[in-house]
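Chemist: Sequence plus the predicted model coming up.
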Amino acid sequence: MSIAAKRALFAIAFVASLGVSNSTHAQEKTVKIYGFGAKSGVVGIFGQQSEAAMQAAAAIINKSGGVTLGDGSKARLVIDYLDDRCTAEEGINALRRIASQNDAFVAIGPTCSNVAEPVFGILQKKTGDASDSGIQFPLYTDVAAKGGLASISQWAFRNVPSEANMYKAIFEWIKATKPELKTFWGGVEKDFAHSNATFGVIKAQAGSNGLQVLGQSEWLLNDTNFSTQVREMRRANADVVAISAHPFTTCGVLKEMARQNVRPKLLVGLTSSSSMETLQGCAAQAEGLIIPTSFAPVTDQAKQAAVAVQAINPKYNMDLHNAAAFENVFTLKELIEKNKIMARPDSIQADRVKMRDALAAMKETQGLLGKVGRTDDREAIKPYLFVQAKSGNWVVAHTPKQ
Amino acid sequence: MDLLDLIDLIQALTDGVLFGTTYALIGIGFTLIFGVMHKINLSYAAASIGAAYLSLVLVNLVPAPIVYLGAALAGGVLGWLIYLICFRFIPLENPLATLMSTVGMLLAIEELISHLTLGMPQNYPALFANSNLEFGSFFLRGDLLFIFFLGCAAMFALTMLLKRTKLGLATRAVAQQATAAQLCGMSVSATNGATFVIAGLLGGIAGSMAGAAIGVLSPLMAMPLTVKGLVVTVIGGLGSIPGAIIAGLMVGGAENLFQFLRGVSERDIYVMLLLFVFLTLKPGGLFAAPGGRD
């Protein structure tokens, strides 16, 4: 073979290999959904479980062929989860970092309400307002549950349960099924945005449903001694005691109540405490504690989702927090396909706007417990039920009509 | 204020003083190390909680007293490790060096606990948790009484060790005048290491008692115990063990008293004000340690 022929053959082979590698590259096309939340620190379990749920959802989607982009091509869904340590500064930093990426057009998060509020605060308040230099990036929150946060910005959307509705329902149920209960005492973790805000709802609903509010005890997230607060509770001797606190202080207070022989006829807890952390810390003392929640493995989809999360890492399980992250990934996948998101660097700004508009246009999404409605102020109307701590497990106590 | 309010006030004060034993033990640890090395070990309280966490491996295997013993031993080991990492090879003449190294160790211990436990509260055994001595509306908690007496026993043992043993003599000599102690043939580094071990043993007891008093362990406990320990050390007098004991009980009582009188939103303000009053009026603390000769 002549040298020229060899060169020609080599050139053909080289070009052919480029074609192969290009088609291989096309098969490995990825579309990224970012997430951010508390992955470290004392509430690190929330963010870690959210990430696990998002990874589980992505694995299911990828197994079914991936996500169809605007040009008809298929892309593998990739999750990239940043840690904000449940602090406002790091949450804002995380959002800025995500927004600066040329492959980021939507993010799920954050975990903590005390992060969500300032993070939503740096988003553009109203879309199309040229005088507002806020970040134009859609966020779809999974965990941060303090009431009314999505109204801060038209770029903020949430898939969290309405605690106002849930506690209204639970106290209406108490009124209807336990009319002998007359008095109420509250306990609240004052320095945590979620527990403090939700306590206002709990107390109001208790009063609206015929319970005489005798008073409240207060403590801080880091407190190590609850004897004075429980003493107040003991003296009040209320029929119903509601504890609006996260697992550590909930357990501290419940154990102190056991020591001081404070045994109300009914215990109500904060949504965030309907998790394994509470049962890990104080299963015996939490016996009978009732909490409204937007997740329990009571449907086939919920059970399969719980299994999928455990397959990612057996130390994680599914609860009301990361169930929303799981749902969010599927919702976003649907929106990407319906709205022909291109997920290219040159289209990323347009993709962000498309995604925001698509989130705003949603009337309903599919949740693990059933259909999830949407409100005009970008919040969710999630199905919920009441769980009760029984013998170290959360069991369904009641599924209210919704 | 009616009779019931008065009883509640006395109850709050009593519970606080009894719980203050844990603050006293933490304060003793801080002051012991300061007394010998003239340095603050900011990781001390975190190591105490870490020791309590390490004792969790024994929880389902042995009775509670052995778990507490395990925590004490783990505290001793952690104390020695902290000395090795944060003090032994750090230039002690640099005033900030050990401060920074111990802050780093505090954060590292907190993070390690959070990572290993996923931040989940861990059940911790308590002795006499359901045994109260009741006097009408007033009662003495059995578990807090146990903590108080165990703390007193630990303080007594420490006092005996410092006053009646060669190690104690060496510790006091190094604290008073390290150069002269060295000239007398005492190994300063060995004595310092032993002091950290002793302080660690106390810290392990403090951490396990704090866990027992609350009933759960959480990485959230490290920072408040650090702050309270420092407050106790300053109020008691840097380097004074009797001062740390009295200040610990005082801070515990004051905390509960202000909680009762002013609620949680103002409680810590008054505790800090107490600190500022001492810093202003008696900066040496309750029992300022005598200065060494040069």
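Modeler: Done, it's in.
Chemist: just for chain B, where's the confidence low?
Modeler: B:289-294 (pLDDT under 70).
Chemist: if you count residues, which helix in it comes out on top?
Modeler: helix B:3-37 (DSSP state H).
Chemist: Would you mind pulling up the elements that it packs against?
Modeler: helix A:227-236, helix B:44-54, strand B:138-141, helix B:142-164, helix B:166-176, helix B:188-214, helix B:222-236, helix B:241-262 (3 or more C-beta pairs under 8 Å, 6 or more residues apart in numbering or on different chains; DSSP states H and E). The C-beta positions use only the backbone N, C-alpha and C, and glycine is treated the same way.
Chemist: ok, now how distant is the nearest residue to residue B:129 once chain neighbours are set aside from residue B:149?
Modeler: Spatial nearest neighbour of residue B:129, chain neighbours left out: residue B:143 (4.8 Å); criterion: C-beta to C-beta, 6 or more residues apart in numbering or on different chains. From residue B:143 over to residue B:149 the distance is 11 Å, taken as C-beta to C-beta, to the nearest Å.
Chemist: buried ones in the longest helix of chain B?
Modeler: Buried residues in helix B:3-37, defined by neighbour count with 16 or more other C-beta atoms under 10 Å in any protein chain shown: B:7-9, B:11-37.
Chemist: Likewise for stretch A:274-294?
Modeler: Neighbour counts using 16+ other C-beta under 10 Å place A:274-283, A:285-286, A:289-294 of stretch A:274-294 among the buried residues.
Chemist: What about chain B: which of those touch it?
Modeler: Intersecting the buried residues of stretch A:274-294 with the contacts of chain B gives A:276, A:277, A:278, A:280, A:281, A:282, A:285 (criterion: C-beta under 8 Å from any C-beta of the partner chain).
Chemist: I'd like to know which of the residues you listed are part of helices.
Modeler: Where those overlap with helices, as defined by DSSP H, the overlap consists of A:276, A:277, A:278, A:280, A:281, A:282.
Chemist: Switch those residues over to TSV; also include distance to residue A:124 and pLDDT.
Modeler: As requested, those are arranged in TSV below (distance: C-beta to C-beta, whole Å; pLDDT from 0 to 100):
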residue	distance to residue A:124	pLDDT
A:276	38	84
A:277	36	85
A:278	38	90
A:280	41	86
A:281	41	87
A:282	44	92
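Chemist: Go through these and name the one nearest residue A:234.
Modeler: Minimum separation from residue A:234 among those (C-beta to C-beta) is found for residue A:282, which lies at 18.0 Å.
Chemist: burial measure for the closest residue to that closest one other than its chain neighbours, as a count.
Modeler: On the basis of C-beta to C-beta, 6+ apart, the spatially nearest residue to residue A:282 that is not a chain neighbour turns out to be residue A:251, at 3.8 Å. Counted with other C-beta atoms under 10 Å in any protein chain shown, the burial measure for residue A:251 works out to 29 neighbours.
Chemist: Likewise for residue A:96?
Modeler: For residue A:96, the number of neighbouring residues by other C-beta under 10 Å comes to 13.
Chemist: same thing with the one 5 residues further on?
Modeler: Neighbouring residues of residue A:101 were enumerated by other C-beta under 10 Å; the total is 14.
Chemist: That one belongs to a helix, doesn't it?
Modeler: No: for residue A:101, which was evaluated using DSSP: H, G, I helix; E, B strand; the rest coil, the result is coil, with no helix membership.
Chemist: residues touching it, list them.
Modeler: Residue A:101 makes contact with A:32, A:34 under the criterion C-beta atoms under 8 Å, 6 or more residues apart in numbering or on different chains.
Chemist: Please report the distance of it from residue A:156.
Modeler: 19 Å.
Chemist: interface residues of the stretch 101-250 of chain B facing chain A?
Modeler: Remark: the part of the stretch 101-250 of chain B in contact with chain A comprises B:111, B:114-115, B:118-123, B:129-130, B:132, B:139, B:141, B:143, B:210, B:213-216, B:218-221, B:223-225, using C-beta under 8 Å from any C-beta.
Chemist: at 7 Å instead, please
Modeler: B:111, B:114, B:118-123, B:129-130, B:141, B:210, B:214-216, B:218-221, B:223-224 (C-beta under 7 Å from any C-beta of the partner chain).
Chemist: how does chain A divide into domains?
Modeler: According to automatic domain parsing, chain A comprises the domains A:29-161+A:298-369, A:163-293+A:386-398.
Chemist: if we can go back for a sec, in what element of secondary structure is the residue nearest to residue A:282 found?
Modeler: Assigned by DSSP states H and E, residue A:251 belongs to helix A:247-259.
Chemist: helix or strand right after that helix?
Modeler: Toward the C-terminal end, the helix or strand that comes next after helix A:247-259 (DSSP H and E) is strand A:266-269.
Chemist: shouldn't residue A:329 be in contact with residue A:33?
Modeler: Yes: Residue A:329 is within contact range of residue A:33, at 6.3 Å (criterion: C-beta atoms under 7 Å).
Chemist: pLDDT below threshold where in chain A?
Modeler: Low-confidence regions of chain A, defined here as pLDDT under 70, cover residues A:1-27.
Chemist: now the helices for it?
Modeler: Chain-ordered helices for chain A, with DSSP H as the definition, fall at A:3-27, A:44-63, A:88-99, A:113-121, A:163-177, A:193-208, A:227-236, A:247-259, A:276-282, A:300-312, A:320-338, A:348-361.
Chemist: can you list the ones you listed in TSV and add distance to residue B:63?
Modeler: Output for the helices of chain A, formatted as TSV (distance: least, C-beta to C-beta, whole Å):
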stretch	distance to residue B:63
helix A:3-27	62
helix A:44-63	30
helix A:88-99	43
helix A:113-121	41
helix A:163-177	41
helix A:193-208	36
helix A:227-236	25
helix A:247-259	19
helix A:276-282	20
helix A:300-312	34
helix A:320-338	37
helix A:348-361	57
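Chemist: Need the winner for burial among those helices.
Modeler: Using mean count of other C-beta atoms under 10 Å in any protein chain shown, the stretch among these with the largest mean neighbour count is helix A:247-259, at a mean of 27.
Chemist: what sits up against that helix?
Modeler: Helix A:247-259 is contacted by residues A:187, A:189, A:219, A:221, A:223, A:226-227, A:230, A:233, A:243, A:245, A:269, A:273, A:275, A:277-278, A:281-282, A:285-286, B:121, B:129-130, B:141, B:214-216, B:218, B:220 when judged by C-beta atoms under 7 Å, 6 or more residues apart in numbering or on different chains.
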